[in-house]
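Chemist: missing the sequence, but the structure's below:
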């Protein structure tokens, strides 16, 4: 089952808005009386690319020790987290949403004033992440939040391919941008743009 879900969010208490999420649920039962439920959420956020940021710092001749945010490209990230647990195990969808939002470079907001938009950009660029980093952080926070959780945890993170806009599950090994399977050269692990330009 799928359902639209809304929570009120704001930036520093200045611009409240209602953000859209998707809830998912399913259940399985067996003749012996055992049953499981699967609760999931889908959250839209953003990631800032660490690879491009380091390239910009190199071009500018910045000190490697500098931790000041630098320019890089951003990607919209659609993250799905689903947990399959025994039917009597308590899960809160709000907690799962919070786990994902804390694991991204930054959450996104439907309505933003210009100052708040700048705050979001600074927050994301101060916390650059690859898709793999998001997955690791989600898993860590899930285990911290649900310390008695069974092993049946499914985590799926999908950004949008920078070439065609379809859901992307991998990053190009040359440019670091998100890429879908259709735009990926499997032999080199690079996107088709980098492969054609031999940027590896």
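Modeler: Perfect, I can see it now. Not measured: the values here are computed from a predicted model. Residues are numbered from 1 along each chain as shown.

Chemist: What ranges does this protein have for its strands?
Modeler: 2-9, 17-29, 35-48, 74-86, 106-107, 153-160, 167-168, 170-171, 178-179, 184-185, 190-191 (DSSP state E).

Chemist: Tell me the gap between the second one and the middle of its chain.
Modeler: Between the mean C-alpha point of strand 17-29 and the mean C-alpha point of its chain there is a distance of 16 Å (CA atoms, centre = their mean, to the nearest Å).

Chemist: Please apply the same query to the first one.
Modeler: Going by CA atoms, centre = their mean, the spacing between the C-alpha centre of strand 2-9 and its chain's C-alpha centre is 17 Å.

Chemist: buried set for that strand?
Modeler: Within strand 2-9, the residues scored as buried using 16 or more other CB atoms under 10 Å are residue 9. Any C-beta I mention is one placed from the backbone N, CA and C, and that applies to glycine too.

Chemist: and for it, what are the contacting residues?
Modeler: 16-25, 41, 93-94, 97, 107, 109 (CB atoms under 8 Å, 6 or more residues apart in numbering).

Chemist: I only care about those that end up buried; give me the ChimeraX line for that.
Modeler: Burial among the contacts of strand 2-9 is assessed by 16+ other CB under 10 Å; the matching ChimeraX selection reads:
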select :17,19,21,23,24,41,93,97,107,109
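
Chemist: Single out whichever of the contacts of strand 2-9 has the smallest pLDDT.
Modeler: Minimum pLDDT for the contacts of strand 2-9 is recorded at residue 16 (80).

Chemist: Tell me which of the strands of the chain sits most buried.
Modeler: Of all the strands of the chain, strand 178-179 has the most neighbours on average by mean count of other CB atoms under 10 Å, namely a mean of 28.

Chemist: Can you give the strand pairings for that strand, parallel or anti for each?
Modeler: Strand 178-179 sits in its sheet next to strand 170-171 (antiparallel), going by DSSP bridges.

Chemist: The strand it pairs with: how far from the chain's middle?
Modeler: Distance, centroid of strand 170-171 to centroid of chain: 12 Å (CA atoms, centre = their mean).

Chemist: and what of stretch 103-116?
Modeler: The answer for stretch 103-116 is 14 Å, by CA atoms, centre = their mean.

Chemist: Would you work out how far apart the start and end of it are?
Modeler: Distance between the boundary residues of stretch 103-116 (CA to CA, to the nearest Å) amounts to 20 Å.

Chemist: One more: stretch 120-134?
Modeler: Stretch 120-134: ends 17 Å apart by CA to CA.

Chemist: still on that earlier bit, which one of the strands of the chain has the lowest average pLDDT?
Modeler: strand 153-160 has the lowest average pLDDT among the strands of the chain, namely a mean of 62.

Chemist: about what we covered before: among the contacts of strand 2-9, which one sits closest to residue 65?
Modeler: residue 107 (28.9 Å; CB to CB).

Chemist: Which strand residues bridge that closest one?
Modeler: Bridge pairing for residue 107 - DSSP bridges - gives residue 45.

Chemist: Please report the distance of it from residue 149.
Modeler: According to CB to CB, to the nearest Å, residue 107 and residue 149 sit 24 Å apart.
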